[in-house]
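Below are the sequence and a predicted model; questions follow.
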Amino acid sequence: MASSLYSDDCSSVSKANSLFATEKGLLVLRPGGGGCLSWYFTVPSGCYALVTRHGADEDYVAEDGTTSPVWPPGLHYFYPPWMGVSNLVTMQSIVLDLPVKACKTKDNVTVNVDVDLVFRIMGDADRGEDPLLVRKFVYEVKPRGLEQQLRDAQEEAVRALTRSMRHTEIYGIRSGPTTRVKSSDKKDDASDSDTDDTDSVASDRDEVLEGSSDNSDRLTAKRGTRRGVRVAAEMRDRLNRQFVPQGVLIESVMITRVTLPDDITSQMTEKTMVISQNAQQRMYHENTMQNTRMEEEVAGMVQGFYEERMQETAAGEEKIGEEKVKLNDLVAQAKKSEANIREESQVRIEKMMAEKKLEEQRVKDRMYETITNIRAEAEKESAEMLANSRADAQSMIAEAELRSTQNHAEAQKVLSAAEGKIAPWIELKKEYETRKKEMNVYGTLAENDGLVVTGGEQNDDEGALLAVADAILARSDGEEGDDEVGARSRLMAELALIARGSSAFISPMTEGGHVSGAGDYSDGGMPVLPPNRPISVRDPTPPQNIVRDKRQTYEKNASREFALTPTRQRSSFL
């Protein structure tokens, strides 16, 4: 709340909003350039801005070509440095406290009245106001002039109001904010009557606390309240008729406080206290009577509730007995029903079990029949498959035997052809083996200790005789035994060699593989001579040389024949 109105200077437009918010009575700011040469300037929101060029007012030109002395908020650029904001006027509502002291009432009692005014500077084009009013207020009215005019006008109105009222009615002129005037408030005081006791101004008062000993005082206070509201509205309208042309709109007028002298205040306080005490005493008696009445009512209600409870209890017990009887009947019926249900359930279960077993047996029979059929078909298919397999196997075996026989016949043909080709070599091989066995026979005869070599007249083979004699002598030289048989053999061999001059030979071998004077061949293919059988020896040539020459001759002939054999036939020959 402002107690005075004024204007001030600031260094920059950026500080305008903070200054208007903290300084309650500040209406106009004059921002400085800040010593900065710039090609733009800003206008803060919440303010009316007046712009000058070299000290002359400059109007704002909108995009549609209209002009206005008030520049809109925002950034304005591409303007020369000598062009800028000269005045900022606040757009907010200002509350101004205007106390009026030493006002005389109708009965010459001095009172002090505090009045608050709520106003704002006009010029908002959005509300349909003329922006030229801002420039008029800045240059013609000014904050100090507005304050003085408001004080003078308000003091005159308040003094005229208090002069027309008594001090007992002066408290009633206190009012809240007034924004409109009721048509009923414009009537004269003589038109007020007791029927206005229900007026909305005092309808919220507590009549019990005010008391009712003096109805005239209460009616007087109500008339004073209505008059204060009406007077405040009239003051606001009268001020608006005076200041709206100057660019100031009074939004509300409030008479916030009325101060009477102390002695009169004490008298009124005592009177109010007496009324309050009477009201308190009356309220106490009424409260006591009400408490007594309430206690009696409570006791009656408690007794009634007790009797009702007893009745309800008896009725409840009776009902409980009836319900117990019904419950017992229901329990018996339930047990009977349960037994019937159990029996029926048991019968149903047994029937279901029998049906289940019958169905199970049917399923098993069908399963056994199916398994038997499947097994018979499987055995049949198995027998057929086995017979087919055996027939196929016998066919394959017959074919294999036929092919084997054919291959064997072809092999025999090949072998026969091969044997026909290698027959000469086989004959040579057999002759070699025969001669080799013959040499083994001679060796065996030489190793026989009981063999005696003698000379005879037979035309024996000299080579054979000499070979046997040489073998006997060679073996006798390597042995140290002096048995009789060995000595005789050595002696006979020596005599046979000595008698070589007579050209005696050992009898030639017979065609059956026998030696003259010798026995048959043994199972091993070697000739076995009986001991002490004489053999004629007529060739005096040393038998060792004869045997060696004959063996070398056989080996040379065999080697020559093997070397002359083709490569492909050597494997068969060997």
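Noted; the coordinates are in hand. Numbers count the residues shown, from 1 in each chain.

element containing residue 166?
Using DSSP states H and E, residue 166 sits in no helix or strand.

List the residues that contact it.
105, 106, 107, 109 (CB atoms under 8 Å, 6 or more residues apart in numbering). For glycine as for every other residue, the C-beta is placed from the backbone atoms N, C-alpha and C.

which pair in those residues spans the largest distance?
The distance between the two most remote of those (CB to CB) is 8.5 Å, for 106 and 109.

what about the two, which has more around it?
residue 109 (18 against 14; other CB atoms under 10 Å).

how near is the closest residue to residue 3 other than its chain neighbours to residue 115?
Take residue 3 and drop its neighbours on the chain: the residue closest to it by CB to CB, 6 or more residues apart in numbering is residue 97, 5.4 Å away. Remark: distance between residue 97 and residue 115 (CB to CB, to the nearest Å) = 8 Å.

So for these two, which residue has more residues nearby?
Comparing residue 97 with residue 115 by other CB under 10 Å, the one with more neighbours is residue 115, at 23 against 15.

can I assume the more buried one sits in a helix?
No - assessed with DSSP: H, G, I helix; E, B strand; the rest coil, residue 115 is strand; it does not lie in a helix.

Against residue 2, how distant is it?
Taken as CB to CB, the span from residue 115 to residue 2 is 13 Å.

do the same with residue 292
59 Å.

neighbour-wise, which of these two wins?
residue 2 (17 against 10).

For whichever strand or helix holds residue 307, name the packing helices and strands.
Per DSSP H and E: residue 307 is located in helix 262-447. Contacts defined by 3 or more CB pairs under 8 Å, 6 or more residues apart in numbering; DSSP states H and E place helix 262-447 against helix 207-210, helix 462-478, helix 543-564, helix 570-573.

could you redo the last one with a cut-off of 6 Å?
With contacts taken as 3 or more CB pairs under 6 Å, 6 or more residues apart in numbering; DSSP states H and E, helix 262-447 sits against helix 462-478, helix 543-564, helix 570-573.

Comparing those by mean pLDDT, which bottoms out?
Among those, helix 570-573 carries the lowest mean pLDDT, a mean of 41.

Tell me if I am right that residue 15 is in a strand.
No - remark: residue 15 does not belong to a strand; assigned using three-state DSSP, it is helix.

Which residue comes closest to it once chain neighbours are left out?
Closest to residue 15 by CB to CB, 6+ apart is residue 31, at 7.9 Å.

Let's see the pLDDT reported for that neighbour.
At residue 31, the model reports a pLDDT of 89.

do the same with the one 4 residues further on
pLDDT for residue 35: 47.

try residue 271
Residue 271 is given a pLDDT of 73.

Now do the helices in the stretch 101-250 of the chain.
132-136, 143-163, 207-210, 215-243 (DSSP state H, counting those that start in this stretch).

Which one, of the ones you listed, ends up nearest to residue 393?
That would be helix 132-136 among these, by CB to CB, at 129.7 Å.

Now do that closest one, average pLDDT.
91.

Is residue 51 bridged to anything, and to what?
Residue 51 forms beta bridges with residue 58, residue 85, as assigned by DSSP bridges.

so it makes contact with residue 57?
No - look at residue 51 against residue 57 with CB atoms under 6 Å: they stay out of range, at 7.4 Å.

and these two? which has more neighbours close in?
Set residue 51 next to residue 57 and count neighbours by other CB under 10 Å: residue 51 wins out with 21 against 14.

Let me see the contact set for that one.
58, 71, 85 (CB atoms under 6 Å, 6 or more residues apart in numbering).

Look up how far residue 382 lies from it.
Separation of residue 51 from residue 382 (CB to CB): 121 Å.

Next: residue 24.
Counting by CB to CB, the gap from residue 24 to residue 382 is 121 Å.

Looking at those two, which has the bigger crowd around it?
Comparing residue 24 with residue 382 by other CB under 10 Å, the one with more neighbours is residue 24, at 15 against 10.

Quick check: the more buried one is in a helix.
No - going by three-state DSSP, the assignment for residue 24 is coil, not a helix.

list the contacts for it?
Applying CB under 6 Å, 6+ apart, the residues near residue 24 are residue 2.

Now do the phi/psi pair for it.
Main-chain dihedrals, residue 24, degrees, to the nearest 10: phi -70, psi -40.

Now do the buried residues in stretch 151-161.
Neighbour counts over stretch 151-161 (16 or more other CB atoms under 10 Å) mark 151, 153, 154, 155, 157, 158, 161 as buried.

Can you give the contact residues for it?
Taking CB under 6 Å, 6+ apart as the rule, stretch 151-161 contacts 98, 100, 103, 113, 115, 231, 235, 239.

any idea which of those is closest to residue 275?
Distances from residue 275 to these, taken as CB to CB, are shortest for residue 113 (25.0 Å).

Quick check: bridge partners of that closest one?
Going by DSSP bridges, residue 113 forms beta bridges with residue 100, residue 258.

buried stuff in stretch 19-37?
Buried residues in stretch 19-37 (16+ other CB under 10 Å): 20, 25, 26, 27, 28, 29, 31.

With secondary structure added, can I get these in CSV?
CSV is the format used below for these (three-state DSSP):
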residue, secondary structure
20, helix
25, coil
26, strand
27, strand
28, strand
29, strand
31, strand
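
what's the farthest-apart pair in the residues you listed?
Put simply, by CB to CB the two of the buried residues of stretch 19-37 set farthest apart are 25 and 31, 18.5 Å from each other.

Could you find the closest non-adjacent residue to residue 109?
According to CB to CB, 6+ apart, the nearest residue to residue 109 is residue 167 (3.9 Å).

what's the spacing between the one you found and residue 141?
Residue 167 sits 37 Å away from residue 141, going by CB to CB.

before we move on, what about residue 135?
On the measure of CB to CB, residue 135 and residue 141 end up 11 Å apart.

quick one on the thing from earlier: quick check, nearest of the contacts of residue 51 to residue 368?
Closest to residue 368, out of all of the contacts of residue 51 and judged by CB to CB, is residue 71, at 113.7 Å.

Look at the closest one and report its pLDDT.
Residue 71 carries a pLDDT score of 91 in this model.

count of neighbours near it?
There are 19 residues near residue 71, going by other CB under 10 Å.

now it: how far from residue 248?
21 Å.

With residue 98 instead?
14 Å.

Over to residue 19?
20 Å.

for residue 294, same thing?
Taking CB to CB, one finds residue 294 at 61 Å from residue 248.

Neighbour count: those two, which is higher?
Counted by other CB under 10 Å, residue 294 and residue 248 do not tie: residue 248 has more neighbours, with 23 against 10.
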